[in-house]
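Q: no sequence on this one, just coordinates:
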Ligand SMILES: NC(=O)c1ccc[n+]([C@@H]2O[C@H](COP(=O)([O-])OP(=O)(O)OC[C@H]3O[C@@H](n4cnc5c(N)ncnc54)[C@H](O)[C@@H]3O)[C@@H](O)[C@H]2O)c1
Ligand SMILES: O=C(O)C(=O)C[C@@H](O)[C@H](O)[C@H](O)COP(=O)(O)O
C-alpha cells in the first residue's frame, strides 16, 4: 500500500510550495493542505500575531504537533512552512514517513525568484528587518537540511507552476530500486517518466566535464540529456558511437580515450551513457578504464538496457573471439530509466527486452511470469507512439522494477560473479554463441530466449524439470513474440563457443538451469551427448 500523505512538499519561503502543491493536488484529484493554514486554524489567529504574542519556540511546538497529525492521517498533498523541517521532532517524523515509502519533495526554486516572491507576499515574521539579507541567511542554514530530510529533489527554475507541478508528479511517481552491498557504493535506479531530470543531482558538483556517449538513433534523447547537463553548468563533450554491437569494440573505446586525453578529462570528471545496452556497456567500460575509473551515470533508452544492461556494473566490449570478453565490474553512480524514451523504441527491440524480463521471472520472481502471461498480447503489440499514458505503461513500469530488483538481489552479494550472480546468465551460454555465429544480426534478448529453451531442454534431459516446464518456456516466450528455436549453425561451432563462455572452467562447461520455476542451480560438466541432444531439440 502506498504511504500517505501522497507527498509532502518543503522548500524556502517563496519557493512556491503552496501554489505548486495546489496544482499537484488539482492534477491528481487529491486534497491539498498547507501546514501554515492548518496552524492558523488550530490557534485561531494569524501566524505573525501568534509569533508576536508567544514567540518562535511556542510556534514551532504547535507547528510540529500539527505536522505530526497530518503525517499520520492526511491522504493528499501536504505542504510545510519554510522553517518546519528545522525542528528535530519534525525531521524524525519525516524520516519515519520516508521509511514507510513516503515522498518528501524539496521544491528548489531559483533563489533570486524565491526571495523576491517571499518579499512581495509580506506577513512573514522570519523576514522582519532586511528581508533579503534574512532570506539569504536562512537559505544558507536551511538548504543542507532540506537536502537531508527530503528524498525527491525538484528544481523549478524557469518553470511555470503547472510545469513545476508536472515535474513533481513525474518525480514522485518514479519507482526507485536501491542497489547496495558490502563491496559496492550504493546507488539508485530511478524508473519512470522524467527520471533523467535527476541527472545533475546524481552527478553532483565534482565533475566539470562530462563525456556524453550515445548512438545516433537516440539523438533526440541525448539532446535532452545535453540540455540538462548544460543547465547544470557542465562542459559537455558529445561523443557519438556506432550503433549497437559495432559500438562495443576496442577501436571505439580507443577513439574515446583519445578524445578524453585531448580534451583534458581528469579523475573528477564523468561519463554519461545514453542508449541501448551496447551503448551503456561501452560507456561504462570507458568510465571504468579512464584513469582507472571515473564516475558514470547510465541513461538506458531500450527496455533491455533498463531492466538489465545499465544496472549491475558489468561493463565491456566484444573481441573477434566472442561476446563481452574484455571488460570490468564497475558500478555506476546512478541509473536513470526514463520511460519517456520508450516512445521512440521500435517494436522488435522492445520485444527483445522481454527476453531478459522473462529470464528474471524464470530464475526468481515468478510474479513476473504471471504479469507477462496476463499482458502477453499488449506487450507483443507494443507501439511506442501510443505507449506513454496508456495502461500498458504501468505494466511495463512494474516489470522493469521487478526485473531490476532481481538483478540487484544477485549483484548486491556477488558483484564479481563468483557464484550467485552467474544465475543472471540463464540462457546466455547458448545465447552468446548464437549472437556470435549470427554475426550479431540476432538481437541479444532473442538469442537469450532460445538459450533459455535450450537450458530448459538440458535440465529436462538431466531429470531436473518435467516436460511441461520446457513447454511453458516455449509457450510463454512465443506468446511474447520471442523466438524459441535456432538452426543457424553446427553443434561443433556452438560447442567451441560455449567453451569460451565466462562460466566455463578449464575444459569443463558450466550451465545455469532450473530445477523448478523460480529456482536455479548450476549444472557442471554435463556429457557432450546431453549437451548435443538439447541442441538438437532447439533446432527447427
Ligand atoms: N552489462 C550487462 O549486464 C548487460 C546485460 C544485458 C545485455 N547487455 C548487452 O546489451 C546489449 C543489448 O542491448 P539492447 O538490446 O538495448 O541493444 P542495442 O544497444 O544494440 O540497442 C538496440 C537498438 O535500439 C536502438 N535504441 C535504443 N533505445 C532506443 C530508443 N529509445 N529509441 C529508438 N531506438 C533505440 C539502438 O540505437 C539500437 O539500434 C548487448 O550488447 C548485450 O550484451 C549487457
Ligand atoms: O549481470 C549479469 O551478471 C548477467 O549475466 C546479465 C546478462 O543478462 C547480460 O547479458 C550480461 O551482459 C552477460 O554477461 P557475460 O558475463 O555473460 O558476458
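A: Sure thing, it's come through. Keep in mind it's a predicted model, so treat the numbers as computed, not measured. Numbers count the residues shown, from 1 in each chain. Ligands and ions are numbered 1, 2, ... in the order given.
Q: Would you check how far apart the residue in the stretch 301-450 of the chain that ligand 2 sits nearest to and ligand 1 are?
A: Sorted by distance to ligand 2 under CB to the nearest ligand atom, the residues of the stretch 301-450 of the chain start with residue 324, at 3.3 Å. In short, each C-beta sits where N, CA and C put it, glycine included. Relative to ligand 1, residue 324 is positioned 6 Å away (CB to the nearest ligand atom, to the nearest Å).
Q: my read is that residue is in a strand, agree?
A: Yes. Assignment of residue 324 by DSSP: H, G, I helix; E, B strand; the rest coil places it within a strand.
Q: Count residues in the vicinity of it, would you?
A: By the measure other CB atoms under 10 Å, the count of residues near residue 324 is 18.
Q: what sits against it?
A: By CB atoms under 8 Å, 6 or more residues apart in numbering, the contact set of residue 324 is 248, 281, 314, 316-318, 432, 502.
Q: for residue 171, same thing?
A: Counting by CB under 8 Å, 6+ apart, residue 171 makes contact with 105, 152, 154, 194, 197-198.
Q: In a markdown table: these, plus neighbour count and pLDDT.
A: Converted to a markdown table, these look like this (neighbours: other CB atoms under 10 Å; pLDDT from 0 to 100):
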| residue | neighbour count | pLDDT |
| --- | --- | --- |
| 105 | 26 | 97 |
| 152 | 22 | 93 |
| 154 | 27 | 94 |
| 194 | 20 | 94 |
| 197 | 20 | 93 |
| 198 | 23 | 94 |
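Q: wait, which of these is closest to ligand 2?
A: Distance from ligand 2 was checked for each of the contacts of residue 171 by CB to the nearest ligand atom. The minimum falls on residue 198, at 23.0 Å.
Q: how about that closest one, phi and psi?
A: The phi and psi values for residue 198, taken as degrees, to the nearest 10, are phi -80, psi 0.
Q: Enumerate the residues of the stretch 151-300 of the chain near ligand 2.
A: The interface of the stretch 151-300 of the chain toward ligand 2, taken as CB under 6 Å from any ligand atom, is empty, with no residues included.
Q: Any idea which residue of the stretch 151-300 of the chain lies closest to ligand 2?
A: Each residue of the stretch 151-300 of the chain has a distance to ligand 2, by CB to the nearest ligand atom, and the smallest belongs to residue 281, at 7.1 Å.
Q: just checking, that residue touches residue 311?
A: No. Contact criterion CB atoms under 8 Å: residue 281 and residue 311 do not qualify, at 11.7 Å.
Q: Can you check which residues contact both of these two?
A: Common contacts of residue 281 and residue 311 (CB under 8 Å, 6+ apart): none found.
Q: circling back: could the contacts of residue 324 be laid out in a markdown table, adding neighbour count and secondary structure?
A: Compiled in a markdown table, these are given as follows (neighbours: other CB atoms under 10 Å; DSSP: H, G, I helix; E, B strand; the rest coil):
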| residue | neighbour count | secondary structure |
| --- | --- | --- |
| 248 | 26 | coil |
| 281 | 25 | helix |
| 314 | 22 | strand |
| 316 | 20 | strand |
| 317 | 22 | strand |
| 318 | 24 | strand |
| 432 | 25 | helix |
| 502 | 17 | coil |
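Q: tell me which of the residues you listed is nearest to residue 419?
A: residue 502 (13.0 Å; CB to CB).
Q: Which members of the contacts of residue 171 occur in strands, if any?
A: In this view, these that belong to strands under DSSP state E are 105, 152, 154.
Q: got the residues of the stretch 201-350 of the chain near ligand 1?
A: The interface of the stretch 201-350 of the chain toward ligand 1, taken as CB under 6 Å from any ligand atom, is made up of 215, 217-218, 243-245, 248, 275-279, 281, 301-302, 304-305, 308-309, 312, 314, 324, 341, 344-345, 349.
Q: who touches the lengthiest helix in the chain?
A: In the chain, with assignment by DSSP state H, the single longest helix is helix 391-413. With contacts defined as CB under 8 Å, 6+ apart, helix 391-413 is touched by 175, 177-182, 184, 189, 191-192, 303, 306-308, 311-313, 337, 339, 342, 356-357, 360, 363-365, 367-368, 371-372, 375, 378-379, 382, 387, 420-421, 423-424.
Q: Now do the strands for the stretch 251-400 of the chain: every range, in order, please.
A: Counting by DSSP state E, counting those that start in this stretch, the segments of the stretch 251-400 of the chain that form strands are 270-275, 295-300, 314-319, 322-329, 334-338.
Q: what's the least confident stretch among these?
A: Across those, strand 322-329 has the smallest mean pLDDT, namely a mean of 94.
Q: quick check: angle from the longest helix of the chain to strand 334-338?
A: The directions of helix 391-413 and strand 334-338 differ by 170 degrees, with axes from the mean of the first three to the mean of the last three CA atoms, to 10 degrees as the criterion.
Q: Give me the buried stretch members for helix 391-413, please.
A: Neighbour counts over helix 391-413 (16 or more other CB atoms under 10 Å) mark 392-393, 395-412 as buried.
Q: Name the spans of the chain whose pLDDT lies under the cut-off.
A: In the predicted model of the chain, residues 1-2, 121-123, 127 satisfy pLDDT under 70.
Q: Figure out the helix or strand that residue 78 lives in.
A: When secondary structure is defined by DSSP states H and E, residue 78 falls within strand 77-79.
Q: just checking, which of the residues of the stretch 201-350 of the chain next to ligand 1 belong to helices?
A: 277-279, 281, 304, 349.
Q: would TSV of these with distance to residue 116 be doable?
A: Written out in TSV, the entries for these read as follows (distance: CB to CB, whole Å):
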residue	distance to residue 116
277	47
278	48
279	43
281	47
304	47
349	48
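Q: So of the residues you listed, which two are at opposite extremes in space?
A: Taking every pair in those and measuring CB to CB, the maximum separation is 15.5 Å, between 281 and 349.
Q: is it true that residue 19 touches residue 163?
A: No. With the criterion set as CB under 8 Å, residue 19 and residue 163 do not qualify as a contacting pair; they are 12.0 Å apart.
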